Structures are given as C-alpha cells and as structure tokens.
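S.K.: sequence first, predicted model second:
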Amino acid sequence: MNLLSETCGGIEKIGFSAQDVRNVIRDIRRRVFDSVDTECGLVLLRDLQKQSDGNFFYRVDVDEENRVRGLVWVDPHSLSAYKNFGDVVTFDSTYRTNRYDMPFIPITGVNHHYQNILFGFALIRDEKETTYRWVLKTWLEAVDNKPPITIITDQDIALSNAISEFKKDFNACIYKSLSPTEFEDRWEDLKEKYDLENHNWLNDMYAIRRQWVFAFMKQHFAAGMTTTSRSESMNSFFDEYVKASTGLKEFIENSQKALESQYLQEVQADFDTEYKERRLFSNSSMEIHASKIYTKEMFKRFQKELQKSQSSVVKSMKGYGTVLE
C-alpha cells in the first residue's frame, strides 16, 4: 500500500484500502488450502483412523479441481457420546479462528452432567445450502444415520442490530408469550407500534416462527439448550486451542485435544457424582430419592425446581377446582 501510495500520488488515489487487500487474501485462502498443510492434515486424519481400528470417521469433500472444500471428522469418544446423549444437537457455524478464515462447525450437545459435549467437527469453505446438506448428510453417516430429536441452529442474522430499537418489546413477544395465540397478538401489536408492516427481515422471521418462537417450540425437547448459550461457551472454549494462524493439521490436532479435555471433565464429574455427598435442604422422600439417582449437577437443578414448587400454595376454589398459586 505504501508503494502504491507513492506511485499514485497519495493513499486516497489508490482506489482501495488495506482492508480490501486483506479481504482478497482471505477469499483466496478460503478457496485454496496450502497444499503442504492440507496433505499433512489428511495424513493426520488417516493416522487417527488407523490408530482407532477404523472407528475414527472422516470424510473429505473436493471440488472439480480436486481442492478440499469441506471436512467432517468424528472421534470414537464422540460416537459413544452421541449414542447416550444425542437427543438434542446444536449446529453452529459462527466460529472462524483458523488460517483460512473458514467456518468451523463443532456439533455439540450436553451430557448427564450438563456439560458441553462434542459429537463431531466440520470445516467448510463456504456457507452454501449444498455445503450444509453435505455436512449434515456426512455427519449422519458417521452416527449410523440416527438423527437427533431436535437440532438447534443459528439463523445467521445480525439479530442485535435488527431489533436494537425495539428489543424490549421484541423479547417480551418472543419469550413471554405462553401460547401461539398470545404470540400472534403481541406480534401484530409490535408491528403496528413501530410501523414495521413492511419490514422484510421481520416478515421472513415470522414465516418460520414455528421453528424458533418459544410458544411454538415448547413441545420439543431441547435439553435446556439454545444456540446462543452453547455457541458462546464453545467459542470461548476453543479459543484456548486455536488461533488465527492455525493451519489445518494443527487445527485437527488441537480439536482432538479439546475433545480429550472435555472427556476428562466428564470423568471428573462422574467421580464427584459417585463419591461426593449431596446436601439436602429437606428430609422429603422425593429429594432423598433424587439425590440417589441424579448426577451431582442435575440434582442441583432438581433442587432448585423443588424449592420453587414449595413456594406455591394450593387452594380449593368453589367452581374452579384446585388452583396453584
């Protein structure tokens, strides 16, 4: 840029910025992996599969020029975890820390200690629908074609910017509507109040409301997960293992280290569940029984619900039957 500035007679006469140059380099890196780095990464995947007697799963997707455009790999630990805890899966592609600025997809769930648990990884060159279809189809192949009950995924939208002016009312509409009818009424009031009848983004989101609005989703098991909460914690977790300069081989190696770290956390939680006593706040038979059958973390969550239930008062009202207050 300095050389061009001198040649053209000033930085303002170049016609593009240093950021434009960085963007071009980023796009080139996305299209073309470094050949040596790619080969080392693929050799590592083959070695991992060999060391696991074929139980380590990976697939490579290449374009018409035989360039890698997608990878999916699933460790035996992840396969075992999915068999036990694969009812709900989060699928988030917002993490991009790697040399090629490629979307990285950790396929995530929660275990019986309510810890994050990894069901597989994907690294993709673009975010086209066909690419996502390939990732999901390939990952399902790895887990014996047994789909989860629920998949939670990011909508890939700038939500905070889109709703910043009416965030409070928007959140009330989404999270405080207890029935579809109540949501519909709140939604209409929201559009009228802020003159949003022709807002394209809102209309698009309304069209798929049954896939994301709480009032419609209550009947679907989600293990208490949302995309935002899990993706934020997973992104923070992976920051310890990868950085912007991380190449493919190192990326795969460090992803495996992250997986091993999670596995050790689960082992520790299993130990705590087995050998550490629970603190009871009552002598109720229900709480005592729960302390014996739940893991330590899930028992804590049960206790909170039990305490909340005891703050309610049951009254018999004439003409209405029993009412819980």
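M.R.: Yes, it's here.
S.K.: which strands or helices does whichever helix in the chain runs longest pack on?
M.R.: Selection of the longest helix in the chain by residue count, based on DSSP state H, yields helix 248-275. With contacts taken as 3 or more CB pairs under 8 Å, 6 or more residues apart in numbering; DSSP states H and E, helix 248-275 sits against helix 35-51, helix 76-85, strand 116-124, helix 227-238, helix 296-310. Any C-beta I mention is one placed from the backbone N, CA and C, and that applies to glycine too.
S.K.: please state the mean pLDDT value computed over that helix.
M.R.: Averaging pLDDT along helix 248-275 yields 89.
S.K.: same question, stretch 47-59
M.R.: Here the average pLDDT along stretch 47-59 is 93.
S.K.: same question for stretch 174-191.
M.R.: Computed over stretch 174-191, the average pLDDT equals 90.
S.K.: contact partners of it?
M.R.: 166, 169-170, 172-173, 196-197, 199, 202, 206, 209, 213-216 (CB atoms under 8 Å, 6 or more residues apart in numbering).
S.K.: just how off-centre is that stretch within its chain?
M.R.: With CA atoms, centre = their mean, to the nearest Å as the basis, stretch 174-191 stands 26 Å off its chain's centre.
S.K.: output the below-cut-off pLDDT ranges for this structure.
M.R.: Low-confidence segments of the chain, defined by pLDDT under 70: 26-35, 94-101, 154-165, 224-235, 243-245, 319-325.
S.K.: quickly list the domain ranges of it.
M.R.: Following automatic domain parsing, the chain resolves into domains at 1-31, 32-155+220-269, 159-211, 277-310.
S.K.: which of these is buried the deepest?
M.R.: Counting by mean count of other CB atoms under 10 Å, domain 32-155+220-269 has the highest mean neighbour count of the domains of the chain, with a mean of 17.
S.K.: list the contacts of Ile14.
M.R.: Met1, Leu4, Ser5, Cys8.
S.K.: that one and Ile25: what is the separation?
M.R.: 16 Å (CB to CB, to the nearest Å).
S.K.: with Gly109 instead?
M.R.: 36 Å.
S.K.: strands of the stretch 101-250 of the chain, start to end?
M.R.: Listed in chain order, the strands of the stretch 101-250 of the chain (DSSP state E, counting those that start in this stretch) span 104-110, 116-124, 150-153.
S.K.: quick one: which of the ones you listed is nearest Gln268?
M.R.: strand 116-124 (13.8 Å; CB to CB).
S.K.: now do stretch 204-215: distance from first to last residue.
M.R.: 18 Å (CA to CA, to the nearest Å).
S.K.: give me the nearest residue to Ala258, chain neighbours excluded.
M.R.: Tyr241 (4.9 Å; CB to CB, 6 or more residues apart in numbering).
S.K.: was I right to think the one you found contacts Glu253?
M.R.: No - the pair Tyr241 / Glu253 is not scored as a contact, 9.0 Å apart, by CB atoms under 8 Å.
S.K.: about what we covered before: between the contacts of stretch 174-191, which is nearest Lys318?
M.R.: Ala215 (31.7 Å).
S.K.: tell me which residues touch that closest one, please.
M.R.: Counted by CB under 8 Å, 6+ apart, Ala215 has contacts Ser177, Leu178, Ser179, Pro180, Glu182, Phe183.
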